[in-house]
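**Student:** 3D, please:
(chains A and B)
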2 protein chains.
Amino acid sequence: MRIVVPAGGIGGARFLRGLRAVLADRADSHGNEPSITVIGNTGDDITLFGLRICPDLDTVMYTLGGGINESQGWGRADETFVVKEELLSYGMQPTWFGLGDRDVATHIVRSQMMAAGYSLSAVTEALCDRWRPGVRLLPMTDDRVETHVLVEDGEGRRAIHFQEWWIRHRATLSASEIVLVGAEDAEPAPGVLEEIAEADVVLLPPSNPVVSIGSVLNVPGIRQALQDATVVGVSPIIGGTAVRGMADACLAAINVESTARAVAEHYGPDLLDGWLVDEADADTQVKGIDVRSRPLYMSDADSTAAIARAALDLALELKGRQS
Amino acid sequence: MRIVVPAGGIGGARFLRGLRAVLADRADSHGNEPSITVIGNTGDDITLFGLRICPDLDTVMYTLGGGINESQGWGRADETFVVKEELLSYGMQPTWFGLGDRDVATHIVRSQMMAAGYSLSAVTEALCDRWRPGVRLLPMTDDRVETHVLVEDGEGRRAIHFQEWWIRHRATLSASEIVLVGAEDAEPAPGVLEEIAEADVVLLPPSNPVVSIGSVLNVPGIRQALQDATVVGVSPIIGGTAVRGMADACLAAINVESTARAVAEHYGPDLLDGWLVDEADADTQVKGIDVRSRPLYMSDADSTAAIARAALDLALELKGRQS
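**Tutor:** All right, here's what the predicted structure looks like:
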């Protein structure tokens, strides 16, 4: 069995860890586990201090590879911040990015390989040689794309990098548009369309539907390819609120309500076959999409695995019905 | 009074600290101290992990700015090595370079500024805004030059970067030639020739005469400019042995004996007006050069200041005699 999972950062990474736990129990008679291919969001990527930083790819890699800061959900465990403090002493801008020393090494390896001409796909594969995340981790594209946010405040109307909006301004600056700059000229990374075409099922974790899954869908060709697959999503909204982070602000920026139903409709029935919502949203109905409800808080490893299992089982059920 | 000091790393930096202590007592009636301009060796510079590293400039800057690791003589005090350990975990080469986390920040600032088009001079000035070394620190050139060493071992005859020879091989690989690659096309950095022309005296610290002072002298125009100045050097050789490090191996590579006299002759009477040797070498005579002897071990702040004072006083004496 082959499973494809487009994913962002924390929510995607934790869902994937749950999914891996589920699949470990589903090896075939030869001991082969089902395979997972992750299509990682690269819209959050940013170059700071000359270092190419890929927050979502790293969060997936560290989480599945056992290097993540568990309480925080991103960055490395046992992280130190000596480089960051020194950059501050030199007066280097920006000061709002949480650049850890262990993380710096990852960015140095990536930046060095990219400067030598390697694609982001090749770099990601090389980094995963160390972390062995147990999934095939593909960036959504090898082309440079960046999510920018159109904001307005006392300084006027302007576009800033998503990271600046998200981290520096904690998504509090009023946003009127979110754009994946460079998307029109981007192509899916090698293997992305092939993996989707060969996937038995596709699962959308409860990642940010705008800047995580949404970015992946904005790479020309990916959304279309997914429409031919059996796709089940897990709602990132529970009872009208984003489970994690500041996803509400992203939905507001694109005029989508923060409800499980509105997000499903935003994805659309052409993309989604099934949609898992929380019990609080059990009455959700979306035309053309099979909606099921169950507890959706990924509060620990067991509950997260149970959510992944439910998403997988729904997808397999819907796939069986389609074929 | 204006003093110019061509300098390498540890020996140069410590001598300069002694000289600063001496000059603090020699302010004029307006409280103005004599000024020191350092012409820093950049032949040891190397690009590793995409970072431009200038070991000698940094050693001078950290030593005079209060950030040096005192016992080691190079690198930062309270240094940590998280980035280096992580690069090792990724299998990144080379592994022999002592890349500290605090140091990494310096290299990131430098690399970023250079990538943005700033000259090494401008970058060095910016870094010194933080460290305030109390001297004007100029790189010998803004052009990229690198000291390479022609070595021969089981793998055959080849040229390797000075840092690889010095740090990785601890200068144990037999060296037959030491070349400042790029020297012929290099120009002195802005201010270097002007500062020499306006200098009252020039002092050569007990830096490595081949790869530190020697590199500075190899930048076209600098040696010639120094010949018109009153120059006093401090011997880096005491009793036939290099005081510090592995300078003997460098002298051997260029067929110069490790004696105070041979080094003075190597510099030559066209360059040197005076030469300070240790009491152990009190019988040293060099044609055309005024030789004085005194204790030359820079064992603590006081003895180092005394050596700097002796060098300065000899230079002023010789200058007075010349004019």
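**Student:** got the residues of chain A near chain B?
**Tutor:** Residues of chain A that fall close to chain B, judged by C-beta under 8 Å from any C-beta of the partner chain: A:49-51, A:80, A:82-83, A:85-87, A:89-92, A:101-102, A:104-106, A:108-109, A:111-112, A:115, A:127, A:129-130. For glycine as for every other residue, the C-beta is placed from the backbone atoms N, C-alpha and C.
**Student:** please redo it, this time with the cut-off set to 7 Å
**Tutor:** For chain A, the contact set with chain B under C-beta under 7 Å from any C-beta of the partner chain comprises A:49-50, A:80, A:82-83, A:86-87, A:89-90, A:92, A:101-102, A:104-105, A:108-109, A:111-112, A:115, A:130.
**Student:** Taking these, please make a ChimeraX selection of just the buried ones.
**Tutor:** Provided next is the ChimeraX selection string for whichever of the residues of chain A next to chain B are buried by 16 or more other C-beta atoms under 10 Å in any protein chain shown:
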select /A:49,50,80,82,83,86,87,90,92,101,102,104,105,108,109,111,112,130
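**Student:** got any ranges where the stretch 101-250 of chain A has weak pLDDT?
**Tutor:** In the predicted model of the stretch 101-250 of chain A, residues A:245 satisfy pLDDT under 70.
**Student:** Where do the strands of it begin and end?
**Tutor:** Taking DSSP state E, counting those that start in this stretch to define them, one finds strands in the stretch 101-250 of chain A at A:136-139, A:146-153, A:156-161, A:175-181, A:201-204, A:231-234, A:237-238, A:241-242.
**Student:** Sort out for me which of the residues of chain A next to chain B are in helices.
**Tutor:** Among those, DSSP state H puts A:82-83, A:86-87, A:89, A:101-102, A:104-105, A:108-109, A:111-112, A:115, A:130 in helices.
**Student:** Name the nearest of these relative to A:V5.
**Tutor:** Using C-beta to C-beta, the shortest approach to A:V5 within these belongs to A:R130, at 21.3 Å.
**Student:** Go ahead and confirm the closest one touches B:L87.
**Tutor:** No. Judged on C-beta atoms under 7 Å, A:R130 makes no contact with B:L87 at a distance of 10.9 Å.
**Student:** Which of the helices or strands spans A:A264?
**Tutor:** Under DSSP states H and E, the secondary-structure element containing A:A264 is helix A:260-267.
**Student:** Let me see the ranges of the helices in the stretch 201-323 of chain A.
**Tutor:** Assigned helices in the stretch 201-323 of chain A, in chain order: A:213-218, A:222-227, A:247-253, A:260-267, A:301-322 (criterion: DSSP state H, counting those that start in this stretch).
**Student:** from the middle of its chain, how far away would the longest one be?
**Tutor:** The one in question is helix A:301-322. Using C-alpha atoms, centre = their mean, to the nearest Å, the distance from the centre of helix A:301-322 to the centre of the chain it belongs to is 19 Å.
**Student:** So what's the predicted local confidence for the residue in the stretch 201-323 of chain A that chain B sits nearest to?
**Tutor:** Using C-beta to the nearest C-beta, the closest approach of the stretch 201-323 of chain A to chain B is made by A:A301 at 25.4 Å. Listed pLDDT for A:A301 reads 93.
**Student:** what about it, how many neighbours?
**Tutor:** Neighbourhood size, A:A301 [other C-beta atoms under 10 Å in any protein chain shown]: 12.
**Student:** In a strand, A:F97, correct?
**Tutor:** No. If the criterion is DSSP: H, G, I helix; E, B strand; the rest coil, then A:F97 is coil and not within a strand.
**Student:** Does it touch A:F49 like I think?
**Tutor:** No. Using C-beta under 7 Å, A:F97 is not in contact with A:F49, being 8.6 Å away.
**Student:** do you know how far A:L16 is from chain B?
**Tutor:** 22 Å (C-beta to the nearest C-beta, to the nearest Å).
**Student:** Would you pull up how far the strand or helix carrying that residue lies from the middle of the chain?
**Tutor:** Element membership for A:L16, per DSSP H and E: helix A:10-24. Once both centres are worked out by C-alpha atoms, centre = their mean, helix A:10-24 turns out to sit 12 Å from its chain's centre.
**Student:** just the angle between the helix or strand following that helix and helix A:10-24, please?
**Tutor:** Per DSSP H and E, the first helix or strand lying C-terminal to helix A:10-24 is strand A:35-40. Counting by axes from the mean of the first three to the mean of the last three C-alpha atoms, to 10 degrees, strand A:35-40 points 170 degrees away from the direction of helix A:10-24.
**Student:** Provide the strand pairings for strand A:35-40, with the direction of each partner.
**Tutor:** Strand A:35-40 has the following sheet partners, assigned by DSSP bridges: strand A:2-7 (parallel), strand A:136-139 (parallel).
**Student:** Touching it from outside, list them.
**Tutor:** The list of residues contacting strand A:35-40 from outside it, by C-beta atoms under 7 Å, 6 or more residues apart in numbering or on different chains, reads A:2-7, A:16, A:19-20, A:56-57, A:60, A:135-140, A:192, A:195, A:216.
**Student:** Filter those residues down to the buried ones.
**Tutor:** Burial by neighbour count, judged by 16+ other C-beta under 10 Å, picks out A:3-7, A:16, A:19-20, A:56-57, A:60, A:135-140, A:192, A:195, A:216 from these.
**Student:** give me the number of residues near A:I68?
**Tutor:** For A:I68, the tally of surrounding residues (other C-beta under 10 Å) stands at 23.
**Student:** and it, what does it touch?
**Tutor:** A:I68 sits next to A:Y62, A:A77 when contact means C-beta under 7 Å, 6+ apart.
**Student:** how close does it get to chain B?
**Tutor:** In this structure, A:I68 and chain B are 15 Å apart, going by C-beta to the nearest C-beta.
**Student:** right, so the helices of the stretch 201-323 of chain A: which one is the most enclosed?
**Tutor:** Most buried of the helices of the stretch 201-323 of chain A by mean neighbour count (mean count of other C-beta atoms under 10 Å in any protein chain shown) is helix A:213-218; its value is a mean of 26.
**Student:** Distance from the chain centre to that one, please.
**Tutor:** Its chain's C-alpha centre and that of helix A:213-218 lie 9 Å apart, by C-alpha atoms, centre = their mean.
**Student:** Phi first, then psi, for A:T59.
**Tutor:** Listed backbone geometry of A:T59 is phi -60, psi -40, with angles given as degrees, to the nearest 10.
**Student:** Look up the pLDDT of the residue lying closest to it once chain neighbours are set aside for me, please.
**Tutor:** Spatial nearest neighbour of A:T59, excluding adjacent residues (C-beta to C-beta, 6 or more residues apart in numbering or on different chains): A:G9 at 4.2 Å. The score at A:G9 is 89. That number is its pLDDT.
**Student:** pretty sure A:G9 is touching A:C54, no?
**Tutor:** No. Contact between A:G9 and A:C54 fails when scored by C-beta under 7 Å: they sit 10.3 Å apart.
**Student:** Would you check how far apart A:E177 and chain B are?
**Tutor:** In this structure, A:E177 and chain B are 30 Å apart, going by C-beta to the nearest C-beta.
**Student:** Would you convert the strands of the stretch 101-250 of chain A into JSON lines that also reports distance to B:G240?
**Tutor:** Shown next, in JSON lines, are these (distance: least, C-beta to C-beta, whole Å):
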{"stretch": "strand A:136-139", "distance to B:G240": "61"}
{"stretch": "strand A:146-153", "distance to B:G240": "63"}
{"stretch": "strand A:156-161", "distance to B:G240": "62"}
{"stretch": "strand A:175-181", "distance to B:G240": "67"}
{"stretch": "strand A:201-204", "distance to B:G240": "75"}
{"stretch": "strand A:231-234", "distance to B:G240": "77"}
{"stretch": "strand A:237-238", "distance to B:G240": "80"}
{"stretch": "strand A:241-242", "distance to B:G240": "75"}
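**Student:** my guess is A:V202 contacts A:V231, does it?
**Tutor:** Yes. With contact defined as C-beta under 7 Å, A:V202 reaches A:V231; the gap is 4.4 Å.
**Student:** hmm, who's touching stretch A:185-193?
**Tutor:** Under the contact criterion C-beta under 7 Å, 6+ apart, stretch A:185-193 has outside partners A:39, A:121, A:138-143, A:145, A:219-222, A:225.
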